[in-house]
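need a structure here:
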Amino acid sequence: QVQLVESGGGLVQAGGSLRLSCAASGRTFSKFTMGWFRQAPGQEREFVAGISSRGSTTYYADSVKGRFTISRDNAKNTVFLQMNSLKPEDTAVYYCARSSPLYYSEYTRPSQYDYWGQGTQVTVSS
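Take a look at the predicted model:
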């Protein structure tokens, strides 16, 4: 069983920065794509960023491109999301997820992930 634990959320003013971390249990972390999603109240869960197993490929939602950076440290079983120039519309619960073992060219849908963390709240005030 894989456990994912997010941390680093909080309250920040617009224009500020936060760094989210997601620590994973197990020995297979380095074999899977990891992703970050977010969900605002009354909204569907949406893709934010993804990173390939070795970290060589990253991809982002258009809404965060140029502001957010996903990275990973396979030696520490951790994936990060650096969020800069935050906007009030970035307010949401942020979730990290581990991809399923099936191959896809990109993992941007929740159905492509099989393990999820409990989420961490990010609130951006205007």
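
which residues of this structure score low on pLDDT?
For the chain, no stretch has pLDDT under 70.

bridged to the spatially most central residue of the chain, which residues?
Geometric centre of the chain, nearest residue: residue 36, 1.9 Å, by CA atoms, centre = their mean. Beta-bridge partners of residue 36, counted by DSSP bridges, are residue 49, residue 96.

so how far is residue 55 from it?
Look at residue 36 and residue 55: by CB to CB, to the nearest Å, they are 14 Å apart. Heads up, the C-betas are built off the backbone N, CA and C, glycines and all.

could you do residue 67 as well?
Counting by CB to CB, the separation of residue 67 from residue 55 is 19 Å.

do residue 120 as well
Distance, residue 120 to residue 55, using CB to CB: 21 Å.

now swap in residue 83 and tell me
18 Å.

which one's more surrounded, those two?
residue 83 (26 against 15; other CB atoms under 10 Å).

and residue 21, backbone torsions?
Here is the backbone geometry of residue 21 (degrees, to the nearest 10): phi -120, psi 150.

bridging residues for it?
Applying DSSP bridges, one finds that residue 21 bridges with residue 7, residue 80.

just checking, it touches residue 34?
No. Using CB atoms under 8 Å, residue 21 is not in contact with residue 34; the gap is 11.7 Å.

mind listing the shared neighbours of these two?
Residues within reach of residue 21 and of residue 34 at once, by CB atoms under 8 Å, 6 or more residues apart in numbering, are residue 79.

the two: who's more crowded?
Shown here are residue 21 and residue 34; by other CB under 10 Å, residue 34 has more neighbours (30 against 17).

any idea how far that one lies from residue 85?
Residue 34 sits 23 Å away from residue 85, going by CB to CB.

and for residue 95?
From residue 95 across to residue 85, the span is 21 Å (CB to CB).

more crowded one of the two?
More crowded of residue 95 and residue 85, by other CB under 10 Å: residue 95, with 23 against 13.

helix or strand for the residue nearest to residue 108 when sequence neighbours are not counted, which one?
Of all residues not flanking residue 108 in the chain, residue 47 sits nearest, at 4.4 Å (CB to CB, 6 or more residues apart in numbering). Assigned by DSSP states H and E, residue 47 falls within strand 46-51.
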